[in-house]
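Please find the sequence and the predicted model below.
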Amino acid sequence: MYDDGKTGYGITAIAAGMDELERRLRKGEGELDEEGLIPIYLGRDLVRSRRYERWEQASEELDQAAIDVAECPLAPRRRTLEALLRSLRAAMGIFRGQRPSFADKLESLVGVPAGGADEAEMASLREEIDAALTRLRIPGASLAERVAAWRASRSLPARELERVYGELQEEAARRTAERVYDVGGFRMRLVLRPGSSSGGRCSFDTATMEINTDLGCTRSAMKHLVTHENFPGHATQILYTRDAYLRGEATADVLLCALNGLPGVIQEGIGDQATELIDWVEDDDDLLQIALRRLRIAAATTASWRLMQLGEAEAEAASYLRERGFAVDPYVDGRIAQAKHPYKGPFNASYYFGDKAVREVRLRAGEAGYPGFIRFLYGNIHCLPSFLEYGGAGTL
């Protein structure tokens, strides 16, 4: 008889064993740099990882896991586990020297459709941006000039960053406790770091939140970073999943929420929808920031596709991202560098498809269905098709 808890535990143990083997074999160099297959993992004391000496051993155990998964009676759960195994196999292939196409990485490793973003959606976002700028009375000869003028007018002085960050983090933690999960006294310390390849990122192990000062920072942008990385985003999801597993409300595979592969789509969707998840959109500045973020990652998804699958010149892909997404150079450089990465190249699309999916299901659930939606969102590993089928029961 099929045992979902046992199957989920086994897949988690295989993934952890793959992570350990990849780290041993690359010895500081490799496709995933220092991150590993599972950058943040709170299951080491809960799941005994497999010990592999060669990739063939892991491949054999993935084959056995696939046999188990085929017996899963719940179709959405079965499809999700099948997609997770497919993602792990794609990762293993890259670790072993295979060079799949960019389209194959999107479909197998990340689990999203191969291609660029929806151009009609991008046009609609530009209209939203134009409308918000009009309401805010931001002048300029072109939309790009008006966006730049808005950024400049809202940019926080460096001396204000820590104070604003602290205030935003406390409010985010309060709202997250009310609507998602109580993180208790856990907080992330601010680190200001110019020259990084992202707007911001967190290190859960050191409890630090990094902001790239090269990009400039408005209050709305900092709010997004706080909610995306901290509460109710990545840090919250990591804490929630361990707690849910310990309470017996989730299977062990939920501990793989930060795995560099299939889980990243909904993980980034949670992060990019985080401000909305805690009902914290306050004004037109927030609305503008949200629309700009969605437009930028849509443009980055298309630029990555054009560069890596269609063979467009890097300068042209970068120009597309800069012009279509109103993106400043550090952002452009970071997204193009990621697109070219032999493993993480398709992950730009995780943000685009994840944000769309979480937004769609969140709106469909509504306020009445919100508690069940949160249990479903945070308490499971997801693949995109099954996630979009969510019907409101709070489980798969």
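Cool, got the structure.

When you work out contacts or count neighbours from here on, use the C-alpha atoms and nothing else.
Fine.

where exactly do the strands run in the stretch 201-350 of the chain?
Using DSSP state E, counting those that start in this stretch, the strands of the stretch 201-350 of the chain run over residues 208-211.

With the stretch 51-200 of the chain instead?
Ranges of strands in the stretch 51-200 of the chain, per DSSP E, counting those that start in this stretch, are 189-192, 200-203.

tell me what the lowest-mean-pLDDT helix or strand in the chain is packed against?
Least confident helix or strand of the chain, by mean pLDDT, DSSP states H and E, is strand 200-203 with a mean of 76. Judged by 3 or more CA pairs under 8 Å, 6 or more residues apart in numbering; DSSP states H and E, strand 200-203 is in contact with strand 208-211.

let's see 10 Å
Under the contact criterion of 3 or more CA pairs under 10 Å, 6 or more residues apart in numbering; DSSP states H and E, strand 200-203 touches strand 189-192, strand 208-211, helix 219-225, helix 234-246.

And the ones you listed: which comes nearest residue 327?
Nearest to residue 327 among the helices and strands packed on strand 200-203 is helix 219-225 (13.4 Å), distances taken as CA to CA.

what's the average pLDDT for that closest one?
Across helix 219-225, pLDDT averages out at 95.

Which strands or helices does it pack on?
helix 143-154, helix 161-179, strand 200-203, strand 208-211, helix 264-272, helix 274-277, helix 284-308.

So which of these is the most surrounded?
Among those, ranked by average contacts under mean count of other CA atoms under 10 Å, first place goes to helix 264-272 (a mean of 27).

Return the distance of that helix from the chain's centre.
Taking CA atoms, centre = their mean, to the nearest Å, one finds helix 264-272 lying 3 Å from the centre of the chain it belongs to.

swap in stretch 160-177?
Averaging C-alpha positions (CA atoms, centre = their mean) puts stretch 160-177 21 Å from its chain's average.

export it as PDB, just CAs?
Presented in PDB, the C-alpha positions along stretch 160-177 are these (Å, rounded to 0.1, in the frame of the first residue of the first chain):
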ATOM      1  CA  GLU A 160      18.000  56.400   6.800                       C
ATOM      2  CA  LEU A 161      18.300  52.800   5.500                       C
ATOM      3  CA  GLU A 162      18.800  51.000   8.800                       C
ATOM      4  CA  ARG A 163      16.000  52.900  10.600                       C
ATOM      5  CA  VAL A 164      13.500  52.300   7.800                       C
ATOM      6  CA  TYR A 165      14.600  48.700   7.500                       C
ATOM      7  CA  GLY A 166      14.000  48.100  11.200                       C
ATOM      8  CA  GLU A 167      10.600  49.700  11.200                       C
ATOM      9  CA  LEU A 168       9.500  47.800   8.100                       C
ATOM     10  CA  GLN A 169      10.800  44.500   9.500                       C
ATOM     11  CA  GLU A 170       8.800  44.900  12.700                       C
ATOM     12  CA  GLU A 171       5.600  45.700  10.900                       C
ATOM     13  CA  ALA A 172       6.200  42.800   8.500                       C
ATOM     14  CA  ALA A 173       6.700  40.400  11.400                       C
ATOM     15  CA  ARG A 174       3.500  41.600  13.000                       C
ATOM     16  CA  ARG A 175       1.400  41.300   9.900                       C
ATOM     17  CA  THR A 176       3.000  37.900   9.100                       C
ATOM     18  CA  ALA A 177       2.000  36.600  12.600                       C
END
